[in-house]
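A.B. asks: model the structure of this input:
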Amino acid sequence: MEYRRFQDTIILRLDPGEEICERLLAVAGEEDIRLAQISGLGAVKAFTTGVFNTVEKKYYANDFSGPYEITSLTGTLTQMDGKPYLHVHMSAGDSEGKVVGGHLNRAVISATAEIVIRIVDGAVDREFSEKVGLNLFRFRDGGRG
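C.D. replies: Down below sits the predicted model:
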């Protein structure tokens, strides 16, 4: 992993064998990021994505392995209980052009990943919602910026 910070933007490169979520959380800790938007692309050799069943309030995981190109990596970095909290979705295509994806649980880089982290001046926390079954944004000031 290597990255450079340019004011409110971090340009991050991940290398073969590195795991995306682990590295994003590491950068968040190193840079004391409390709120950011994430986007990226690259190539992975193994990943797990989940789909949330809103009726059951449960995630169902799907594991994939082989050569995949990340077609979209997008998400947010916030905080929950004073720690960095990552919420990222990823889609990736195989050699036949079939794309799969969902909520990203883990993804291991095969070649590289190029990720942009745009830091937002502020902080948004997370709080578990019994009604929805997910950790939702919790705005400190009532939600107006």
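A.B. asks: can you give me the neighbour number for residue 95?
C.D. replies: By the measure other Cβ atoms under 10 Å, the count of residues near residue 95 is 9. For the C-beta atoms, the positions are set from N, CA and C on the backbone; glycine is no exception.
A.B. asks: so the closest residue to it other than its chain neighbours is in which element?
C.D. replies: Counting by Cβ to Cβ, 6 or more residues apart in numbering, residue 67 is the residue found nearest to residue 95 once chain neighbours are left out, at 6.2 Å. Using DSSP states H and E, the element containing residue 67 is strand 58-80.
A.B. asks: sheet-wise, list the partners of the helix or strand just after that strand with their directions.
C.D. replies: Per DSSP H and E, strand 58-80 leads on to strand 83-93 as the next helix or strand towards the C-terminus. Paired neighbours of strand 83-93 in the sheet (DSSP bridges): strand 58-80 (antiparallel), strand 99-119 (antiparallel).
A.B. asks: now strand 83-93: buried residues?
C.D. replies: Residues of strand 83-93 classed as buried: 84, 85, 86, 87, 88, 90, 91, 92, 93 (neighbour count, 16 or more other Cβ atoms under 10 Å).
A.B. asks: could you dump these to TSV with pLDDT and distance to residue 41?
C.D. replies: Listed next are the buried residues of strand 83-93 as TSV, based on pLDDT from 0 to 100; distance: Cβ to Cβ, whole Å:
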residue	pLDDT	distance to residue 41
84	96	22
85	97	23
86	98	17
87	98	18
88	98	13
90	98	10
91	98	10
92	98	10
93	98	11
